[in-house]
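Asker: here is a sequence together with a model predicted from it:
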Amino acid sequence: MDRVVFIVTIAAGIGSGLIAGTFFVFSVAIMPAFRQLPREQAISAMNRINEVIQNAVFLNVFLGTAVVSAGLAVWSFLNCGPPGTVYLLIGSLLYLIGSFGVTVAFNVPLNNSLAGSNDPGIWTTYSASWTFWNHVRTIASTLATGAFAVAAALMA
């Protein structure tokens, strides 16, 4: 069982790292670039990204990492004591709450409001709020990756 947990921890670290990188690029490049465009173009581009990103590769990594993190959180809660367990729980909670939870609670509803609006004036408010929450999930996913790495190192 310990070997399975170790392998799943590595998978969670890779998944959270990929998601952290995706969110990071939005924070440091995509959203700043969109703010330099006319609002109508920025809205059109963001709406297109929000459609295209809902593909099998992204969703499998994003949702799969959430499922794996949930399983690791339960395992670590039930098996306190083995090396790395605390870091496993921390990484899992960071991903589940700070990445997956923030996306579902904030970024997706903001995306839906942008897609459903014909008002170019929505962009300024949307961009500021969406970017703030994206920074939160970028930091959470990055910290989760680090916690999974420490957990794996302590289990090895």
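Answerer: Cool, the structure landed. Residues are numbered from 1 along each chain as shown.
Asker: from here on, contacts and neighbour counts on C-alpha atoms
Answerer: Will do.
Asker: so where's the chain uncertain?
Answerer: Applying pLDDT under 70 to the chain flags the ranges 1.
Asker: how about the strands in this structure?
Answerer: With DSSP state E, there are no strands along the chain.
Asker: helices along that one, start to end?
Answerer: Counting by DSSP state H, the chain has helices at residues 2-25, 31-35, 39-52, 56-78, 85-93, 102, 108-115, 122-155.
Asker: if I pick the residue most central in space within the chain, what's in contact with it?
Answerer: Residue closest to the average C-alpha location in the chain (C-alpha atoms, centre = their mean): residue 99, at 3.6 Å. Applying C-alpha atoms under 8 Å, 6 or more residues apart in numbering to residue 99 gives the contacts 136-138, 140-141.
Asker: what about 6 Å?
Answerer: 137, 140-141 (C-alpha atoms under 6 Å, 6 or more residues apart in numbering).
Asker: so how many other residues sit close to the spatially closest residue to residue 91 that is not a sequence neighbour?
Answerer: The shortest distance from residue 91 to any residue other than its chain neighbours is 4.0 Å, reached at residue 144 (C-alpha to C-alpha, 6 or more residues apart in numbering). For residue 144, the neighbour count with other C-alpha atoms under 10 Å is 31.
Asker: returning to what we had before: ok, the contacts of residue 99 vs residue 116, which is closest?
Answerer: Nearest to residue 116 out of the contacts of residue 99 is residue 137 (C-alpha to C-alpha; 23.7 Å).
Asker: for residue 24, see how far away the closest residue to that closest one other than its chain neighbours is.
Answerer: In space, and not counting its chain neighbours, residue 137 is closest to residue 99: 4.4 Å by C-alpha to C-alpha, 6+ apart. Separation of residue 99 from residue 24 (C-alpha to C-alpha, to the nearest Å) stands at 12 Å.
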